[in-house]
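[1] kindly return the folded structure for what I paste below:
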Amino acid sequence: EVEEALAFSAPQLERLRVARSAVSDTAAPNLAKALPLMRALTTLELAHNRLTEAGFQILSEAVGKMPSLQVLDLSYNKSSAAGIAALIDGLRHSATIREVILRGSDHKSLSSVVKVQEECRDGHSMRVVMD
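    Numbering: from 1, shown residues only. Take a look at the predicted model:
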């Protein structure tokens, strides 16, 4: 399965693109288990999938603990403002994350995103891309 393949190649993987793959909330727990094994991963692309607020919340803790992650793309998923806020909050303490891409997301969450970006400035800079 996918989880076994990821576990095998995880330590040396630098970029993972699982876009347009119909990834839904049911896959999020398995993905969240595999992500910490990807210690060299700098870019994670999960755009154009079916992740909702529940999936974003499950992934938020895992991606926040990834030691090399710099870019996270969750554009065009189905999360609400609450899911986006949980994700950003989980990433707030990451020392490596530089950019979170959330194109096609709920614009109502923009105010919480701006607040989190301001809070991150003291330790590091995190850019959130929404349109």
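[2] dump the residue contacts of the nearest residue to Ser80 once chain neighbours are set aside.
    Nearest residue to Ser80, sequence neighbours excluded (Cβ to Cβ, 6 or more residues apart in numbering): Glu53, at 4.7 Å. For the C-beta atoms, the positions are set from N, CA and C on the backbone; glycine is no exception. Contacts here follow Cβ atoms under 8 Å, 6 or more residues apart in numbering; on that basis Glu53 touches 79-80, 82-83, 86.
[3] and what of Glu45?
    By Cβ under 8 Å, 6+ apart, the contact list for Glu45 reads 15-19, 73.
[4] farthest pair in these?
    Taking Cβ to Cβ, the two most distant members of the contacts of Glu45 are Arg15 and Ala19; they sit 11.6 Å apart.
[5] of the two, who's got more company?
    For Arg15 and Ala19, the more surrounded residue by other Cβ atoms under 10 Å is Ala19, and the numbers stand at 15 against 12.
[6] quick one: the more buried one and Leu44 touch, right?
    No. The criterion here is Cβ atoms under 8 Å, and Ala19 misses it with Leu44 at 10.3 Å.
[7] helices and strands of this protein: which one bottoms out on pLDDT?
    Across the helices and strands of the chain, mean pLDDT, DSSP states H and E gives its lowest value to helix 110-120, namely a mean of 55.
[8] next SSE after that helix?
    The helix or strand immediately downstream of helix 110-120 is strand 127-129, counting by DSSP states H and E.
[9] ok now that following strand, how far from the chain's centre?
    12 Å (Cα atoms, centre = their mean, to the nearest Å).
[10] in that strand, what counts as buried?
    By neighbour count on 16 or more other Cβ atoms under 10 Å, the buried set for strand 127-129 is Val128.
[11] appreciated, that's everything.
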